[in-house]
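Visitor: Pasting a predicted model and its sequence here:
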Amino acid sequence: MGIVASDNGISLQFCDVDGKPDGAPLYGRYSAFYGQPREKVIGAGAPQTPDEGKFKGSTDWLTLVAVADTEERLQDILHQTNVSPIPPLTSCSSRRVCIEMHIGGTRQKLEGRITVASGAIVSLVPDHLRIDAAHVKVLPPGAELEKMDKTSPFYMEFVGGSIALNQLVQAMAKHPEEFTGGSL
């Protein structure tokens, strides 16, 4: 259930502190996501910041976005990571994300990032919501949504996307027949 990396890989778009693209996106054919409930991530690390308290994002956060240009490099990242391999749930708007990539000559680990993952919603079945993410936007370290222009596409996607997805999940739980035609 939740967000998964597309079978066709993902692109990473690094952004500046205002959420504007900073360079061309990087693409990795092989990718994997891990995640955990937001409260568990906060409870296991530093205390919640005021920015995190005001702009919570999804109820579940991505903890790892692993991207590589070969299956072997992806498996190497997953083998070496210290991030627990728990599948993400509804992790579109996330914080404290670790980005690990091995694309071409670039092998990097970037920690503590704010991300927005997006892609096609491929299942609306209650308890089986699935989004195939094809794109992940990544803010630099120290970026704060509070300081960002509220009309920024990154800001609107982070705040609006998590609200829309949370409302969708709540509606599905209350009225599953509206999403499944009366059958599961």
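Guide: Ah, there it is.

Visitor: number of nearby residues for Asp149?
Guide: Using other C-beta atoms under 10 Å, Asp149 is surrounded by 12 other residues. Using the backbone N, CA and C atoms, a C-beta is placed for each residue, glycine as well.

Visitor: for it, helix, strand, or coil?
Guide: Per DSSP: H, G, I helix; E, B strand; the rest coil, the secondary structure class of Asp149 is coil.

Visitor: Give me the phi and psi for it.
Guide: Here is the backbone geometry of Asp149 (degrees, to the nearest 10): phi -60, psi 120.

Visitor: cool, Ile77 as well?
Guide: The phi/psi pair for Ile77 (degrees, to the nearest 10) is phi -60, psi -50.

Visitor: Mind naming the longest strand for this protein?
Guide: As assigned by DSSP state E, the longest strand anywhere in the chain is strand 106-123.

Visitor: what secondary structure does Glu100 sit in?
Guide: strand.

Visitor: ok, the closest residue to Arg38 other than its chain neighbours to Ala117 distance?
Guide: Distance criterion C-beta to C-beta, 6 or more residues apart in numbering; nearest residue to Arg38, sequence neighbours excluded, is Trp61 at 5.1 Å. Distance of Trp61 to Ala117, given as C-beta to C-beta, to the nearest Å: 10 Å.

Visitor: sorry, back to before: dig out what the residue nearest to Arg38 forms beta bridges with.
Guide: Gln36 (DSSP bridges).

Visitor: which residues touch it?
Guide: Gly35, Gln36, Pro37, Arg38, Val41, Pro88, Ser91, Ser94, Arg95, Arg96, Val97 (C-beta atoms under 8 Å, 6 or more residues apart in numbering).

Visitor: Drop anything exposed from those.
Guide: Gly35, Gln36, Pro37, Arg38, Val41, Pro88, Ser91, Ser94, Arg95, Arg96, Val97 (16 or more other C-beta atoms under 10 Å).

Visitor: which one among these gets closest to Cys15?
Guide: Checking those against Cys15 by C-beta to C-beta gives Val97 as the nearest, at 13.1 Å.

Visitor: what's near enough to touch the closest one?
Guide: Here Val97 is in contact with Trp61, Leu62, Thr63, Leu64, Val65, Gly112, Arg113, Ile114, Thr115, Val138 (criterion: C-beta under 8 Å, 6+ apart).

Visitor: Swap in 7 Å and give it another go.
Guide: Trp61, Leu62, Thr63, Val65, Arg113, Thr115 (C-beta atoms under 7 Å, 6 or more residues apart in numbering).
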